[in-house]
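just a sequence and a predicted model for now, questions to come.
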Amino acid sequence: MVEQFDVVDLIRAKRDKGVLSTAQINWLIDAYTRGYVADEQMAAMTMAIFLNGMEREEIRDLTLAMIASGETLSFEGLGKPTTDKHSTGGVGDKITLPLAPLVASFGVAVPQLSGRGLGHTGGTLDKLESIPGWRANLSNEEFMAQLKSVGAVVCAAGSGLAPADGKLYALRDITGTVEAIPLIASSIMSKKIAEGTAALVLDVKFGSGAFMQDPARSRELAETMVRIGKDAGVKTVALLSNMNVPLGLAIGNANEVRESVEVLAGGGPADVVELTVALAREMLALAGQPDADVEAALKDGRAMDSWRAMISAQGGEPDAPLPVARESQVVTAERDGVLTTQHALPFGVAAWRLGAGRARKEDPVDHAAGIDLHAKPGDTVTKGQPLFTMRTSDAARFDRAVEALAGSYAIGDPGSPIDDGGPLIAGRVD
Ligand code: URA
């Protein structure tokens, strides 16, 4: 086979701030997937992209080339609109759990192909796997049948979607090139577009517990992803949401399922409800139901019925007791006052160290491990009152969790400014 381009020419072009053509990008991604372009050459290219960026057309071409590296799904013939959501990840972010069945209760299909957690942000599959019997791996036939009958499916993404992204992401991870907006945006959007959804709502987080901490950078990421979606014919909207403090009161796996069920029963913490409702409204508007009464479906049991059907369809027992940790340690307020600070990142790291997350892909997670918060920034607290409870199956883990939490929360005098980074939803991009 005669190769169409010389990869060194392409690397030099990007190094010197040039623009790659559609043909060059198509060839590069194909040749890398085939193994013709070596990892060290692609590493040089990703670093050049990291340093010099990409034009809109290049980002679109890169996304389309990664989609073309694998299979694509199609929901034509399903008989209902499809809409999906993607979050860039955060501490206590369990929103997919109440959101997918809530949206499905309006007759809309939600095909959620999800991943497992790595690092301090938990994976949706890990959370759902704390439900006895629930299984993440579905065949294509099971996936389509459940989309038709229940509407909501949360399951493991097969390796067939955008395999070039899988290879490239692993390379970026070990070469310091993850945080490049063109690469993040094309990576996320290639998988979502290959999945075949007609509409997509993005929850792009900023703040201490988010992957992208600076609000301006997270807006740029959101704008880039919305443009890619539109260029590919997928109706795409993004909300920018605040991840300076943990979302809700539960950080972990089983405890996040418990909190999600509270939301589906019409209760739950105000911030989890607010974000769930806002994202559901966006998803339903894109699916042609701008006036859907989302709150009513949470209050009257329709969303809960949809959750039970979704869990049962994947072998889960919605009424079975969730795992409970053997060991717990309560941290109390050392003075009267108001809780002024609760930084998301250290709480995420502490939950991870308690066993709720994994450091390597092959590690198991402790479904019962995590942290339950008993107070949020702005709450009045009295000396001795529990602030949070840490839970784990292995008491030896408490010390390192406590270490991670040093300086991560503070109690001030009544009237002190609250350090929560502002409103939960800080913007919208369409
Ligand atoms: N998630 C992805 O799927 N890709 C990235 O590049 C970053 C986060």
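Thanks, I have the structure now. Worth saying up front: this structure is predicted, and the values here are computed from it rather than measured.

in the stretch 151-300 of the chain, which spans are strands?
For the stretch 151-300 of the chain, strands defined by DSSP state E, counting those that start in this stretch occupy the ranges 152-156, 199-206, 235-242, 250-252.

out of those strands, nearest to residue 44?
Comparing those against residue 44 with Cβ to Cβ, the closest turns out to be strand 199-206 (28.7 Å). Just so you know, the C-beta spots here come from the backbone N, C-alpha and C atoms, and that holds for glycine as well.

parallel or antiparallel, list what pairs with the closest one.
strand 83-87 (parallel), strand 235-242 (parallel) (DSSP bridges).

any chance of the ones you listed in CSV, plus mean neighbour count?
Listed next are the strands paired with strand 199-206 as CSV, based on neighbours: other Cβ atoms under 10 Å:
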stretch, mean neighbour count
strand 83-87, 25
strand 235-242, 23
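
residues in a beta bridge with residue 332, which ones?
The partner residues for residue 332, given DSSP bridges, come to residue 386.

neighbours of it, how many?
Residue neighbour count, defined by other Cβ atoms under 10 Å, stands at 13 for residue 332.

now do the contacts for it.
Applying Cβ atoms under 8 Å, 6 or more residues apart in numbering, we find residue 332 in contact with 383, 384, 385, 386, 387.

quick one, which of these are buried?
Among the contacts of residue 332, those classed as buried by 16 or more other Cβ atoms under 10 Å are 385, 387.

nearest to the ligand among the contacts of residue 332?
The closest of the contacts of residue 332 to the ligand turns out to be residue 387 (Cβ to the nearest ligand atom; 31.5 Å).

wait, which of the strands of the stretch 151-300 of the chain is closest to the ligand?
Across the strands of the stretch 151-300 of the chain, closest to the ligand is strand 199-206 (Cβ to the nearest ligand atom), at 10.9 Å.

so which bits of that closest one are buried?
199, 200, 201, 202, 203, 204, 205, 206.

state the pair within those residues that is farthest apart.
199 and 206 (23.3 Å).

pull up the residues of the protein that are close to the ligand.
Where proximity means Cβ under 6 Å from any ligand atom, the interface of the chain facing the ligand comprises 169, 178, 183, 184, 187, 188.

need the contact list for the third one.
I take that to be residue 183. Listed by Cβ under 8 Å, 6+ apart, the contact set of residue 183 reads 46, 49, 50, 168, 172, 177.

neighbours of the residue of the stretch 51-200 of the chain found nearest the ligand, how many?
As assessed by Cβ to the nearest ligand atom, the ligand sits closest to residue 187 within the stretch 51-200 of the chain, at 3.4 Å. Using other Cβ under 10 Å, residue 187 has 21 neighbouring residues.

with residue 364 instead?
8.

measure how far stretch 85-97 is from the centre of its chain, please.
4 Å (Cα atoms, centre = their mean, to the nearest Å).

how close does residue 389 sit to residue 373?
8 Å (Cβ to Cβ, to the nearest Å).

of these two, which one has the most company?
Neighbour count, other Cβ under 10 Å: between residue 389 and residue 373, residue 373 has more, with 23 against 16.

contact partners for residue 162?
Taking Cβ under 8 Å, 6+ apart as the test, what residue 162 contacts is 66, 67, 69, 70, 190, 191, 194.

now with 6 Å, please.
Residues near residue 162 by Cβ atoms under 6 Å, 6 or more residues apart in numbering: 66, 67, 70, 190, 191, 194.

what is the burial count for the residue lying closest to it once chain neighbours are set aside?
Excluding its sequence neighbours, the residue lying closest to residue 162 (Cβ to Cβ, 6 or more residues apart in numbering) is residue 190, at 4.2 Å. As a burial measure, residue 190 scores 27 neighbours (other Cβ under 10 Å).

residue 190 touches residue 68, doesn't it?
No - between residue 190 and residue 68 there is no contact under Cβ atoms under 6 Å: 9.2 Å.

ok, back up a step: in JSON lines, list the strands paired with strand 199-206 along with mean pLDDT.
Conversion of the strands paired with strand 199-206 to JSON lines gives the following (pLDDT from 0 to 100):
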{"stretch": "strand 83-87", "mean pLDDT": "96"}
{"stretch": "strand 235-242", "mean pLDDT": "98"}
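
can you give me how far stretch 88-106 is from the chain middle?
On Cα atoms, centre = their mean, the centre of stretch 88-106 falls 10 Å from that of its chain.

other residues contacting it?
87, 110, 112, 121, 124, 151-152, 154, 204-205, 209-211, 243, 246-248, 251, 256, 260, 263-264, 275-276, 279-280, 283-284, 289, 292, 297, 302-303, 306-307, 310, 344, 347-348.

residue ranges in the stretch 101-250 of the chain under the pLDDT threshold?
117-121 (pLDDT under 70).

so where do the helices sit in it?
Ranges of helices in the stretch 101-250 of the chain, per DSSP state H, counting those that start in this stretch, are 124-128, 140-149, 163-173, 181-194, 215-231.

so which of these gets nearest residue 6?
Closest among the helices of the stretch 101-250 of the chain, using Cβ to Cβ: helix 163-173, at 19.7 Å.

need the residues that contact that closest one.
Residues contacting helix 163-173 (Cβ under 6 Å, 6+ apart): 29, 33, 39, 42, 43, 46, 66, 69, 70, 178, 187, 190.

can I get those residues in JSON lines including secondary structure?
Converted to JSON lines, those look like this (DSSP: H, G, I helix; E, B strand; the rest coil):
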{"residue": "29", "secondary structure": "helix"}
{"residue": "33", "secondary structure": "helix"}
{"residue": "39", "secondary structure": "helix"}
{"residue": "42", "secondary structure": "helix"}
{"residue": "43", "secondary structure": "helix"}
{"residue": "46", "secondary structure": "helix"}
{"residue": "66", "secondary structure": "helix"}
{"residue": "69", "secondary structure": "coil"}
{"residue": "70", "secondary structure": "coil"}
{"residue": "178", "secondary structure": "coil"}
{"residue": "187", "secondary structure": "helix"}
{"residue": "190", "secondary structure": "helix"}
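
having no further points to raise, I will conclude here.
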